[in-house]
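Asker: I need the structure of the sequence given here:
(one chain, ligands or ions: 1)
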Amino acid sequence: MRIVAIHDGILPISSSIRNAWIDFNQMDCSIVAVVSDVVRDHSPLVGYGFNSNGRYSQHDILRRRMIPRLLAAAPADLLDATGENLDPARAWDVMMANEKPGGHGERSVAVGVLDMALFDLAAKIADVPLARFVADRYGDGAPDERVSVYAAGGYYQPNKGLFELQDEMRGFLDAGYVRVKMKIGGAPLAEDLARIEAVLDVLGGNGDALAVDANGRFDLATALEYANALDPYQLAWYEEPSDPLDYATHAEIAAAYNGALATGENLFSHQDARNLVRYGNVRAERDIFQFDPALSYGLVEYLRTLAMLREHNISPRRCIPHGGHQFAVHLAAALHLGGNESYPNEFSPAGGFADDAVIDHGFLAPSSAPGIGIEEKAALYRAMRALHD
Ligand code: MG
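Answerer: Residues are numbered from 1 along each chain as shown. The predicted model follows:
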């Protein structure tokens, strides 16, 4: 088998939402189609990938470095031992040739897009859903049948008051979610506490059904002020209180906050993740790790991160990836992660699950189509098809 073409494009996923750091008016993402010479039902098998959300499209790195390296490789250098399917780990080494270590920047996003497409293609060649493919190749062969998902929203938006915030959260519950997340840190503490209490009202006062996300906004003093104010609510978690690369500050917050902290969506390599574990005073039984494989060099790197966590006695169940995309749902099932994020109302058409996906008491079954199942998400599939038709 060989790769005959790789196409990339840019998909707008803009929105009027705002978190404590950025607005999403200009947000877009890269999409790629990896076309193989394997023909099934009279059509070549094609793998699709996209780069989650929160980082912009990576056109230049894809076009100038990663895609040319894959296309220039001898076909045999990308294959597994059978010679009949791709080995995405070998493709990863090809993409990362002549790249210095460290300073991961957004190179990891470009590699992540292609890694997703290569895994989609490999699972299609094997004619199995990605969760099955990954469980067989890298896991225990027994993927979870369902994945816990929570609804992320509660953004700051023009003309959105407490009533609209509560309405949004009621919509999540009506859609089958039992846990929700909202933004904090984009308003003064007193206002955020009023927002939190308004949402807790909708949740019957159950703090465990609510997570809050500061998107790395706070300095140490503000993070501690919030930690102190949040503690009595016994929330599911307090996410990214401080800069994601400032492990010493994270460690101080962890020492002061009794509840769970969550972080990791802006750590893009297993080395960065390891530094968090080494220096961030993380609590193995309590905290949540949100590394997003699509943003951080793909599944090949994510497996290294999971191995590192295991060495530190941190279970994969503590991992709940950022992003709310189909790729991570398969990985959560295959590798026994703790769940997955979901953005029911944002980042369309890239984010979200299959069009007919059902959320049942906070759980979702991964798609049963071969590969990731992007074909079951009509608007995204249309954009992908347009890359190569
Ligand atoms: Mg977050």
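
Asker: contacting residues for residue 304?
Answerer: residue 270 (Cβ atoms under 8 Å, 6 or more residues apart in numbering). Heads up, the C-betas are built off the backbone N, CA and C, glycines and all.

Asker: Distance check, it against residue 120.
Answerer: 20 Å (Cβ to Cβ, to the nearest Å).

Asker: quick one, strands of the stretch 201-350 of the chain?
Answerer: 210-213, 237-239, 261-263, 288-289, 340-342 (DSSP state E, counting those that start in this stretch).

Asker: List the buried residues of the longest one.
Answerer: Buried positions in strand 210-213, judged by neighbour count with 16 or more other Cβ atoms under 10 Å: 210-213.

Asker: now these in JSON lines, with distance to residue 94 and pLDDT?
Answerer: Compiled in JSON lines, those are given as follows (distance: Cβ to Cβ, whole Å; pLDDT from 0 to 100):
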{"residue": "210", "distance to residue 94": "44", "pLDDT": "98"}
{"residue": "211", "distance to residue 94": "38", "pLDDT": "98"}
{"residue": "212", "distance to residue 94": "41", "pLDDT": "98"}
{"residue": "213", "distance to residue 94": "36", "pLDDT": "98"}
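
Asker: what's the most distant pair in the residues you listed?
Answerer: 210 and 213 (10.7 Å; Cβ to Cβ).

Asker: what residues are shared contacts of these two?
Answerer: In contact with both residue 210 and residue 213: 181-182, using Cβ under 8 Å, 6+ apart.

Asker: just to revisit the earlier point, just so I know, which of the strands of the stretch 201-350 of the chain lies nearest residue 105?
Answerer: So among these, strand 261-263 is nearest, using Cβ to Cβ, at 18.8 Å.

Asker: Let's test this: mean pLDDT of the closest one, rounded?
Answerer: Strand 261-263 comes out with an average pLDDT of 98.

Asker: again, but for stretch 32-50
Answerer: 97.

Asker: Other residues contacting stretch 350-363?
Answerer: 11, 13, 29, 31, 50, 52-53, 146-150, 175-179, 323-326, 329, 342-344, 364-365, 367, 373, 376-378, 380.

Asker: Just the CA trace of the longest strand anywhere in the chain, in PDB.
Answerer: Looking across the chain with DSSP state E, the single longest strand is strand 28-40. Extracted C-alpha coordinates of strand 28-40, given in PDB (Å, rounded to 0.1, in the frame of the first residue of the first chain):
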ATOM      1  CA  ASP A  28     -10.000  28.200  12.000                       C
ATOM      2  CA  CYS A  29      -8.400  24.800  11.700                       C
ATOM      3  CA  SER A  30      -6.400  22.700   9.200                       C
ATOM      4  CA  ILE A  31      -8.000  19.700   7.600                       C
ATOM      5  CA  VAL A  32      -6.100  17.100   5.600                       C
ATOM      6  CA  ALA A  33      -7.000  14.100   3.400                       C
ATOM      7  CA  VAL A  34      -4.500  11.300   2.900                       C
ATOM      8  CA  VAL A  35      -5.300   9.400  -0.200                       C
ATOM      9  CA  SER A  36      -4.100   5.800  -0.500                       C
ATOM     10  CA  ASP A  37      -3.900   3.400  -3.400                       C
ATOM     11  CA  VAL A  38      -6.100   0.800  -1.500                       C
ATOM     12  CA  VAL A  39      -9.400   0.500  -3.400                       C
ATOM     13  CA  ARG A  40     -12.500  -0.700  -1.600                       C
END
